[in-house]
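*Asks:* Give me a 3D structure for the following:
(2 chains)
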Amino acid sequence: MRELLWLIPALPCAGFFILTLAGARLSHRGVALIGAGSVGLAALLSALVGLAFITAPPSSYAYVQTLWTWLEVSGLQPGIAFHLDPLALVMITVITAVGFLIHLYAVTYMGEEEGYGRFFAYMNLFVGAMLTLVLADNLLLLYLGWEGVGLCSYLLIGFWYRDPVSGYAARKAFVVTRVGDVALALGILLLATQVGTLHIQDLLRETARQWPDGSPLATLAAFLILGGALGKSAQLPLQTWLPDAMAGPVPVSALIHAATMVTAGVYLIARLQGLFTLAPAAQGAVAAIGAATLLLAGCSALVQRDIKRILAYSTISQIGYMFLALGVGAWSAAIFHFLTHAFFKALLFLGAGAVMLGLNHERDIYRMGGLRTRLPLTFWTFLVGAASLSAFPLVTAGFYSKEFILAQAWQSGGPWLWAAGIAGAFLTSLYAFRMVFLVFCGPAKGDVSLAPSLCRDIPLLVLALLAIVSGFLETPRTLGGLSLLTDFLRTGGPASLPELSLEVRLQLIASLASLAGIYTAYLFFRKRPRLAEEPQSAVVRLLHRFWFSGWGFDWLYHALLVQPFLWLAKINRDDFLDLIYRATAWCAAASHRALSRTQTGQVRWYAAVIAGGTVALVALAVFL
Amino acid sequence: MSAFSVQFGLTLAGALFCLGLVGVLVRRNILFILLSLEIMLNAAGLAFVVAGARWQQPDGQVMFLFILVAAAAEVAVGLALVLQLFHRLRTLDADAAARMRG
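*Replies:* Sure thing, here's the model as predicted:
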């Protein structure tokens, strides 16, 4: 069964090729069958491969499948080879499963859209690239998947390419993530030249052998790789592309935010954890960036009006939690949060999509309301997603993963990181339930028309189920003490656990923060909606505007980078480098004019020139 | 044969060649240009013959025969061109053909 591993990334890629070549000629049904079917088959295969892996684990818990040698240059031999270990297995299972549910949802959601075949082709390539990324056995193949994901995000965010806003958002996403990709490319080159191999497992062994703890080279390499991860995962200071990426269709946002793309950075750091352990400075930076990002994005999410933008900021904030976990060395906690986040975030996006579809593509939450009775299924599933996002105690998956991260943050990262996490948890439940109360409760506004569709409802129900039960993979000692995921990932488990009494207190505080957020949301947006609307003091309004614009980062980058660049481009309109080429052309034209003047058409003139030339040549021969 | 001087023969040939060249460059009448060309060819032939006499070798005279043949061929083509020129332009002025330039 394991030998079928190569088919998992190959199937979505094959789907992409078929849809690209024959998409226009296929019927609507055919496109949906190939588009969703290829990912569905990949999901089935990864379940089978995973089952085979768990029942009969290979020696040293890794199965490597080398298809062929990609290239061979002076000792470097990156191959097209897949490396399946528990981390990769968790990733591919989530990517294919959530990816398939999103594809299934898109079958009806995108049904009315032009470019149906194109959409599924890009989506398939997206999933294929992400699978290549997580299965890659060497950094070069990983980079191929990495860039493939970036390309697909550009194509999909700009799916409605006739709309200038979409085009701008797509370009922004591409350029901003490119900044990080350059850092990653430099990091890979540094590792290749210093260590002499790109094979990830060899690389980790070699770096651990050659470089002492905290050596400058290890720190530099880790920081460069962190740069790449920041770009893809939309962390400070490269987070600005993600909110704008909401210009794309809903399934795209769900796919980018839940299963692919933004989690690539988390995966990269988790995969190269050995390198980061060698560079404590870089690891500290990961934790600090994660904590800062989760607070910043949480505050911004609090004041947005666009339902998709709220979810986008919430993604940035939740990825911040994962970075926090990675930074304090709790690798399995980060992967656990990735797992639960993939389920509830996909669920929230798909739910938001259903709401928007019902309200004729309305995205402003202040123009929604009272949908609880009109869209009961969407309401209940969205509620589950929001509860999981806010880490509602005991019953949701988000609670267990977030609690795990917070306990580790306290134990290994110190009280400040933990306090940031707690404040983030409060903000998270506040903005999540602000959304729920404004959209689903209160007086109804506008007409709702949403035809029921099985393809749309099944993913919502399955994801809602997963958003609850996936938490029970890993429970704290006070609540059963299951550690299926940590055991499976074989990271050796958390280095040290807090004392039991302390752990109980930490859990209580985290639960209280979450419940307090929900209660505050209830108070402000349900019980006394006036409180949120009343004219506020100037400071509050200013803060509101500041947070609404995402802490002014867009403004800052526009003033610092975009404007000077445009100015440079403007003054250098006639590119000065072109002068060389224009001078060449001018020389050619001038010589042409001069020489054509000698062609008079007079035979005697020609004869004179020939005679003169002969005399000159003879003179040369005689006198020199 | 004793009064023969190489110096004198070559000077004569050079003078004839220069005369011919000046004729080609200066005359506008195409017939005179052809005549001048003949003079240049014969000057070259004379130089060959003088050289042949100097070294008592027949090669100089053989070469002159070749030059004669080339001159005859050249005149045949040249006269045909002259006829065409006159036929088209009603003049023998070589500069009038300048409007054929590309």
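*Asks:* so where is chain A shaky, pLDDT-wise?
*Replies:* Applying pLDDT under 70 to chain A flags the ranges A:478-481, A:490-498, A:528-536.
*Asks:* which residues in it form strands?
*Replies:* Shown for chain A, the strands assigned by DSSP state E span residues A:63-69, A:79-84.
*Asks:* And for chain B?
*Replies:* Going by DSSP E, chain B shows no strands.
*Asks:* Centroid-nearest residue for it?
*Replies:* Central residue of chain B (CA atoms, centre = their mean): B:Glu38, 2.7 Å from the mean position.
*Asks:* So that one sits against B:Ala72, correct?
*Replies:* No - between B:Glu38 and B:Ala72 there is no contact under CB atoms under 8 Å: 10.1 Å. For glycine as for every other residue, the C-beta is placed from the backbone atoms N, C-alpha and C.
*Asks:* what about whichever residue of the stretch 501-624 of chain A sits closest to chain B, how many neighbours?
*Replies:* Closest contact between the stretch 501-624 of chain A and chain B, by CB to the nearest CB, is at A:Gly601 (2.7 Å). Residues near A:Gly601, counting by other CB atoms under 10 Å in any protein chain shown, number 13.
*Asks:* and if you look at B:Leu83?
*Replies:* Residues within reach of B:Leu83, counting by other CB under 10 Å, total 10.
*Asks:* what's the burial count for A:Thr293?
*Replies:* 27.
*Asks:* From A:Ser153, how far out is the residue of the stretch 501-624 of chain A closest to chain B?
*Replies:* 66 Å (CB to CB, to the nearest Å).
*Asks:* What of A:Ala621?
*Replies:* Taken as CB to CB, the span from A:Ala621 to A:Ser153 is 72 Å.
*Asks:* These two: which is more packed in?
*Replies:* Of the pair A:Ala621 and A:Ser153, A:Ser153 is the one with more neighbours under other CB under 10 Å, namely 27 against 8.
*Asks:* Spell out which residues of chain A are next to chain B.
*Replies:* Contact residues (CB under 8 Å from any CB of the partner chain) of chain A with chain B: A:Gln599, A:Thr600, A:Gly601, A:Gln602, A:Val603, A:Arg604, A:Ala607, A:Ala608, A:Ala611.
*Asks:* From those residues, list the buried ones, please.
*Replies:* A:Gln602, A:Val603, A:Arg604, A:Ala607 (16 or more other CB atoms under 10 Å in any protein chain shown).
*Asks:* got the buried residues for the lengthiest helix in chain B?
*Replies:* Using DSSP state H to define each element, chain B has its longest helix at helix B:59-89. Neighbour counts over helix B:59-89 (16+ other CB under 10 Å) mark B:Gly60, B:Met63, B:Phe64, B:Ile67, B:Ala71, B:Val75, B:Gly78, B:Val82, B:Leu85 as buried.
*Asks:* which one of the residues you listed sits closest to chain A?
*Replies:* Nearest member of the buried residues of helix B:59-89 to chain A, counting by CB to the nearest CB, is B:Leu85, at 10.5 Å.
*Asks:* That closest one touches B:Asn29, doesn't it?
*Replies:* No - between B:Leu85 and B:Asn29 there is no contact under CB under 8 Å: 11.0 Å.
*Asks:* what sits in contact with each of the two?
*Replies:* B:Leu92, B:Ala94 (CB atoms under 8 Å, 6 or more residues apart in numbering or on different chains).
*Asks:* Now whichever residue of the stretch 251-400 of chain A sits closest to chain B: closest residue in space that isn't a chain neighbour?
*Replies:* Residue of the stretch 251-400 of chain A nearest chain B, by CB to the nearest CB: A:Val252 (62.9 Å). Nearest non-adjacent residue to A:Val252, counting by CB to CB, 6 or more residues apart in numbering or on different chains: A:Leu156, 4.3 Å away.
*Asks:* From A:Leu48, how far off is that neighbour?
*Replies:* 29 Å.
*Asks:* mind listing what the residue of the stretch 251-400 of chain A closest to chain B touches?
*Replies:* A:Met123, A:Leu156, A:Ile157, A:Phe159.
*Asks:* Now for the first one: which residues touch it?
*Replies:* Contact partners of A:Met123, counting by CB under 8 Å, 6+ apart, are A:Gly35, A:Val39, A:Ile102, A:His103, A:Ala106, A:Cys152, A:Leu156, A:Pro251, A:Val252, A:Leu255.
*Asks:* And it, how far from A:Ile8?
*Replies:* As judged by CB to CB, A:Met123 and A:Ile8 stand 16 Å apart.
*Asks:* The second one now?
*Replies:* Going from A:Leu156 to A:Ile8 by CB to CB gives 21 Å.
*Asks:* How about the third one?
*Replies:* A:Ile157 is 25 Å from A:Ile8, where distance means CB to CB.
*Asks:* Would you confirm that A:Asn138 contacts A:Gly79?
*Replies:* Yes - A:Asn138 lies in contact with A:Gly79 (CB under 8 Å); the separation is 6.8 Å.
*Asks:* more crowded one of those two?
*Replies:* Neighbour totals were compared for A:Asn138 and A:Gly79, and A:Asn138 leads with 25 against 21 (other CB under 10 Å).
*Asks:* wait, what's in contact with the more buried one?
*Replies:* A:Pro78, A:Gly79, A:Ala81, A:Leu198, A:His199, A:Ile200.
*Asks:* Now the residue nearest to the centre of chain B: closest residue in space, sequence neighbours ignored.
*Replies:* In space, and not counting its chain neighbours, B:Glu38 is closest to B:Ala71: 6.3 Å by CB to CB, 6+ apart.
*Asks:* re earlier: tell me the two of the buried ones among the residues of chain A next to chain B that are most distant?
*Replies:* The span of these, defined through CB to CB, is set by A:Gln602 and A:Ala607 at 9.0 Å.
*Asks:* What residues does the residue nearest to A:Leu324 when sequence neighbours are not counted make contact with?
*Replies:* Counting by CB to CB, 6+ apart, A:Gly290 is the residue found nearest to A:Leu324 once chain neighbours are left out, at 3.6 Å. Shown in contact with A:Gly290 (CB under 8 Å, 6+ apart): A:Gln235, A:Ile319, A:Gly320, A:Tyr321, A:Met322, A:Phe323, A:Leu324, A:Ala325, A:Leu326, A:Gly327.
*Asks:* Which of the residues you listed fall in helices?
*Replies:* Checking the contacts of A:Gly290 against DSSP H, those in helices are A:Ile319, A:Gly320, A:Tyr321, A:Met322, A:Phe323, A:Leu324, A:Ala325, A:Leu326, A:Gly327.
*Asks:* My guess is the fifth one contacts A:Thr293. True?
*Replies:* Yes - A:Phe323 is in contact with A:Thr293 according to CB under 8 Å; the separation is 6.9 Å.
*Asks:* anything in contact with each of the two?
*Replies:* Joint contacts of A:Phe323 and A:Thr293 (CB under 8 Å, 6+ apart) are A:Gln235.
*Asks:* quick one on the thing from earlier: out of the contacts of A:Asn138, who's nearest B:Ala15?
*Replies:* Relative to B:Ala15, and with distances defined as CB to CB, the nearest of those is A:Pro78, at 83.0 Å.
*Asks:* I'd like to know how many residues surround that closest one.
*Replies:* 23.
*Asks:* quick one, phi psi at it?
*Replies:* Here the main-chain torsion angles of A:Pro78 (degrees, to the nearest 10) amount to phi -70, psi 130.
*Asks:* Perfect, that will be all.
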